[in-house]
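1. fold the following, please.
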Amino acid sequence: MNRKCVNTVKEKRRLWCTLPLAVNLFTHEIIAAEVNLVVVDDNEVLPTFINPLQCKIQQVSANGAYDTRACYHVLKNKGITPSIPLRINAGYWEEGHPRNADVKALK
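-> Numbering: from 1, shown residues only. This is a model prediction of the structure:
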């Protein structure tokens with residue numbers, strides 16, 4: 001009689017999340033937080049993260065994942081100064097965009 005061995009060990013998959021935080025630079029108080037699944041890009045979170053905040057934000061520091069037109073647009077509309085490093089493959093945007101000076105310096 002032949003018997004087939006059945007693998008009873010279930011495959012374990014990890015589900016990663018990100019936790020973007022908005023922190024007051026002077027008081028170190030967390031003013032906003034949002035948990036996201038890893039399938040959601042960081043730059044997709046910024047508008048939903050920044051728009052509901054009632055306090056005046058002067059500057060946003062973020063990583064290169066936020067170097068997108070949508071993020072710069074949201075920050076400009078809110079009067080927020082972006083401090084976002086350029087991606088390695090950064091190219092020029094429309095004429096007169098402040099980011100173009102940084103791209104020129106990088107190249």
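2. buried residues in stretch 21-28, which are they?
-> If you call a residue buried by 16 or more other Cβ atoms under 10 Å, then stretch 21-28 has these buried ones: residue 22. The C-beta positions use only the backbone N, C-alpha and C, and glycine is treated the same way.
3. let me redo that: stretch 25-45
-> Buried-residue list, stretch 25-45, by 16+ other Cβ under 10 Å: 36, 42-43, 45.
4. which residues in this structure form strands?
-> 17-18, 21-23, 30-33, 36-37, 59-61, 81-83 (DSSP state E).
5. any idea which of these gets closest to residue 67?
-> Closest to residue 67 of the strands of the chain, according to Cβ to Cβ: strand 81-83, at 8.9 Å.
6. that closest one packs against which elements?
-> With contacts taken as 3 or more Cβ pairs under 8 Å, 6 or more residues apart in numbering; DSSP states H and E, strand 81-83 sits against strand 59-61, helix 69-78.
7. direction included, what does that strand pair against?
-> Strand 81-83 pairs in its sheet with strand 59-61 (parallel), by DSSP bridges.
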